[in-house]
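[1] Any chance you could fold what I've pasted below:
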Amino acid sequence: MNRILGMFSPEGYWAKAIKFVMAGGMNTTVNYVIYVALVHAGLHYNLALILEYMLGTLSGYLMNRYWTFASHGRTYSSFPKYGATCGILYVINVITLNLIVGFGLLDPVFGQVLALGVATVINFLLQNFWVFRAGGGSMQNRGS
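    Model (predicted):
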């Protein structure tokens, strides 16, 4: 029973998932508005996506490191992993977006909403279990 209740504690998995969605929602909203503005300004959607990811990487890292996962470890070990995660997500996002647009399912603006959904799930898993390591292997618990 304690294990189940622990999942909802401030450090628990579901609490982190809720914080991740909140932080990601704020970050994604701002960056999505930038993406839409760039596409409507005539920039190709793939280039707009690159710029969106570059802008969102730093703000997302800071929010997730200090608030979502409350990691107090060294930046030099988590930021490269976060950067790699963003690179992986970018590739997944580009492939998903280009498939959606290429098959004529949605235009680039609405297709990106669907592509973001796919990337978000993968993003949480990578950050929780690799970048900021959950549970006993977290940087906070290791004292590094």
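[2] Helix or strand: which one has the residue nearest the centre of the chain?
    By CA atoms, centre = their mean, the chain has its centre lying nearest to N123, at 4.7 Å. N123 is located in helix 108-126, with elements delineated by DSSP states H and E.
[3] List the contacts of that helix.
    If you take CB atoms under 8 Å, 6 or more residues apart in numbering as the criterion, helix 108-126 is touched by 17, 20, 24, 28, 32, 35-36, 39, 45, 49, 85, 88-89, 92-93, 96-97, 100-101, 105-106. The way it works is simple: take the backbone N, C-alpha and C, and place the C-beta from them, glycine included.
[4] Now it: buried residues?
    Neighbour counts over helix 108-126 (16 or more other CB atoms under 10 Å) mark 108, 111-112, 115-116, 118-120, 123-124, 126 as buried.
[5] Make a markdown table from the residues you listed and add pLDDT to it.
    Supplementary listing: the buried residues of helix 108-126 in a markdown table, determined by pLDDT from 0 to 100:
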| residue | pLDDT |
| --- | --- |
| P108 | 94 |
| G111 | 95 |
| Q112 | 90 |
| A115 | 93 |
| L116 | 87 |
| V118 | 89 |
| A119 | 89 |
| T120 | 85 |
| N123 | 89 |
| F124 | 88 |
| L126 | 92 |
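[6] Check the residues you listed against P80 and report the nearest one.
    L126 (13.1 Å; CB to CB).
[7] mind checking how far that closest one is from G25?
    18 Å (CB to CB, to the nearest Å).
[8] What residues of stretch 93-113 count as buried?
    Residues 93-94, 96-98, 100-101, 108, 111-112 are the ones in stretch 93-113 that count as buried (16+ other CB under 10 Å).
[9] Ok, stretch 125-133 next?
    Buried residues in stretch 125-133, defined by neighbour count with 16+ other CB under 10 Å: 126-128, 131-133.
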